[in-house]
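S.K.: coordinates only, sequence not included:
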């Protein structure tokens, strides 16, 4: 895992345009958002899924970077003054504070484009080629995925969401991309349809558990309305996080003849961290 | 041409998510930006280039729509309060005026994602498959393409650009995507490398002519600093538009055994309109 992380950072460093490449200010803004990173959960899940099929070479690393570029774009736009209006992220000024809102819009835009550029260059074991990886990321990230979940989040700021609306938001805003990360990794390794289905379920449940745990850890609880603890209370949130993690592990159990230990530990450690 | 235009509108209508698909407000904002459209220059160029190789079927139509989705995303973000702060486009309120800035950010984001989703589903004659189309659009649209040109535009608002900076901005902000539209159309039809090279030059010169003519037609000339007429004067702008158009036609002349009449007329009509 530590070695994957090192290789991932090296690949991100390599694939993100250098600061001295024109337009330098835009590239500095993109790199400000990318480095230093957080947990890199999505690319690490992509690598772990690829590893099930013996594939952690260049293709899976590139796909993992594409996922991190896409995720980072959503953070940059989420932080904008007209969105969450956040001044800091991971203890540093957000892109629009370190630069300006116009450049933050462009940096997010260009990070999204970069994610598809990198993915288009992948040569997965999957017989459908990179087109299928691009389709997977785009459907998870677009208006019926991440962007749709964020639109639901905006609506929730006006009218507090009910349980169904909360599920919609978490499923789209958070779980869709985590699920896609696992699926894309598996596709890089050429996973068969039945394995892909089990891994989709694992990714989706893990993503939902991740969001609930995030809400449990969030002590501020002021801005955000689409919050599991606010809607369901703390006790129910704890139960739900455990149930989602158990469901993720059960899905993993359906995969035969592969060593799923790393994906297993992802789920267990996530839960231990918090509940 | 009129038939292509009809088929294009029908395809755009079909590929853009319906307003009653959840999240409805986001989909309404995306459609507000898309319909009714303008000249649809980029998708029409894509279709005309595909037609050289006998390919105006589903694949070229899908690719044409992807180009229009991408172009529309750049317009929605360009109009934002923190960018050009425009209240109207084509005589109607901009997306952030008809809805709000947060939803306009998301609508632009989701239109970009949709462009790659649609392109990933294309089955071009090109042996490299949809991956090459995605790579083409992404490199034309990203930080070393359209987004880079827009970053140059932002910088020009601070410090008026010199001739070299103006060329950089126009080449990236405008010509890159028009060039990509022609190339992607040709790839859908399976164009060979030497034709692709000639068509790249045609698209690039046409894109530069288009921008210069746009600057000649712009009578306001207040906000925009990266303006050919402002930097070079009216007489030189007229000469440059003619020279760029002539260069586009010369590039087209290098293509053998294909009927380039439609691409020819694109360039001539563009010039006639204005100079």
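M.R.: Yep, that arrived. Computed from a predicted model, the values in this text were never measured in an experiment.
S.K.: make it CA atoms for all contacts and neighbour counts henceforth
M.R.: Noted.
S.K.: name the nearest residue to the closest residue to chain B within the stretch 151-275 of chain A, sequence neighbours excluded.
M.R.: Going by CA to the nearest CA, chain B is nearest to residue A:151 of the stretch 151-275 of chain A, at 6.5 Å. For residue A:151, ignoring the flanking residues on the chain, the nearest one in space by CA to CA, 6 or more residues apart in numbering or on different chains is residue B:26 at 6.5 Å.
S.K.: quick one: average pLDDT of the host helix or strand of the one you found?
M.R.: Using DSSP states H and E, residue B:26 falls within helix B:24-34. Helix B:24-34 carries an average pLDDT of 98.
S.K.: all strands for the stretch 51-200 of chain A, in order.
M.R.: A:88-89, A:92-93 (DSSP state E, counting those that start in this stretch).
S.K.: to residue A:172, which of those lies closest?
M.R.: Between residue A:172 and those, the shortest gap by CA to CA is with strand A:88-89, which sits at 21.8 Å.
S.K.: partner strands of the closest one and their direction?
M.R.: Applying DSSP bridges, strand A:88-89 is found paired with strand A:92-93 (antiparallel).
S.K.: for stretch A:95-108, measure first residue to last.
M.R.: Stretch A:95-108 has an end-to-end distance of 9 Å (CA to CA, to the nearest Å).
S.K.: how about residues contacting that stretch?
M.R.: If you take CA atoms under 8 Å, 6 or more residues apart in numbering or on different chains as the criterion, stretch A:95-108 is touched by A:26-27, A:29-30, A:32-33, A:72-74, A:76-77, A:79-81, A:87, B:77, B:82-83, B:143, B:147, B:150-151, B:154.
S.K.: buried ones in it, by neighbour count?
M.R.: Going by neighbour count (16 or more other CA atoms under 10 Å in any protein chain shown), the buried part of stretch A:95-108 is A:95-99, A:101-108.
S.K.: where along the stretch 101-250 of chain A do the helices fall?
M.R.: Using DSSP state H, counting those that start in this stretch, the helices of the stretch 101-250 of chain A run over A:101-120, A:130-141, A:146-158, A:163-170, A:176-188, A:193-217, A:228-232, A:234-252.
S.K.: tell me which of those is the most buried.
M.R.: Counting by mean count of other CA atoms under 10 Å in any protein chain shown, helix A:176-188 has the highest mean neighbour count of those, with a mean of 30.
S.K.: just give the closest residue to residue A:166, not the sequence neighbours.
M.R.: The shortest distance from residue A:166 to any non-neighbouring residue, by CA to CA, 6+ apart, is to residue A:226 (5.7 Å).
S.K.: meant to ask about residue A:150
M.R.: Among residues not flanking residue A:150 along the chain, residue A:173 sits closest, at 5.8 Å (CA to CA, 6+ apart).
S.K.: who's in contact with that neighbour?
M.R.: Neighbour list for residue A:173: A:145, A:146, A:147, A:148, A:149, A:150 [criterion: CA under 8 Å, 6+ apart].
S.K.: could you give me the average pLDDT of stretch A:116-123?
M.R.: Summarised as a single mean, pLDDT over stretch A:116-123 is 94.
S.K.: the residue nearest to residue A:166 against residue A:160, yeah?
M.R.: Yes. Using CA atoms under 8 Å, residue A:226 is in contact with residue A:160, at 7.2 Å.
S.K.: who has more neighbours out of the two?
M.R.: Using other CA atoms under 10 Å in any protein chain shown, the more surrounded residue of residue A:226 and residue A:160 is residue A:226, with 27 against 17.
S.K.: do you know how far that one is from residue A:77?
M.R.: Distance from residue A:226 to residue A:77, by CA to CA: 18 Å.
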